[in-house]
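**Student:** Need the 3D shape of this:
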Amino acid sequence: MVGMHAEANATSRAQLQRAKSMPLVTIGNHSYSHAYSHYRHFYGDTEGVVADMLRANVVLGLTPVVHARLPGRDVFRLPNYSKDDNSLGLAEAGREDPDYEFVAASGFWLAGTTNGCMRTTASRCRASTIW
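**Tutor:** Residues are numbered from 1 along each chain as shown. As a prediction, this is how the structure comes out:
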């Protein structure tokens, strides 16, 4: 869940509480701000990424280790699996590469999409996650 969306209004807050009350539902962290849709700035600051994720933890009532998916990224950092986002173009490479190991070590199990869709084609792909 995106933290700012979860706290946006009474309906969203009630949906979060309902989901948390369901024993077969795991709430995942999808950031607080969803990078405000400005990935270049967001991913240029690893500590800012972690701060945004930690802010979402507070809003969502999550404690580490937290299942998480980074906005606009298909990155995995799980106990027995690691994968970088291969869909980044040359313009983004190097400039938008935060230290994913640091993000994961901050209490997050990072999981991208499981259907192999690149973010440039995400609008044509069914969103799915591994948790």
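
**Student:** Using neighbour counts, pick out the buried residues of the top helix by length along the chain.
**Tutor:** What stands out as the longest helix in the chain, according to DSSP state H, is helix 46-60. Neighbour-count burial for helix 46-60 flags 46, 49, 50, 52, 53, 54, 55, 56, 57, 59, 60 (criterion: 16 or more other CB atoms under 10 Å). In this view, the C-beta of every residue, glycine as well, is placed from N, C-alpha and C.

**Student:** Also stretch 82-92?
**Tutor:** Quick answer for stretch 82-92 (16+ other CB under 10 Å): 85, 87, 88.

**Student:** Show the contacting residues for the residue lying closest to the last one once chain neighbours are set aside.
**Tutor:** So the one you mean is residue 88. Closest residue to residue 88 apart from its sequence neighbours, by CB to CB, 6 or more residues apart in numbering: residue 96 at 6.7 Å. Residues near residue 96 by CB atoms under 8 Å, 6 or more residues apart in numbering: 39, 40, 43, 44, 88.

**Student:** pretty sure the fourth one is touching residue 95, no?
**Tutor:** So the one you mean is residue 44. Yes. Counting by CB atoms under 8 Å, residue 44 touches residue 95, with 6.4 Å between them.

**Student:** This completes my enquiry, with thanks.
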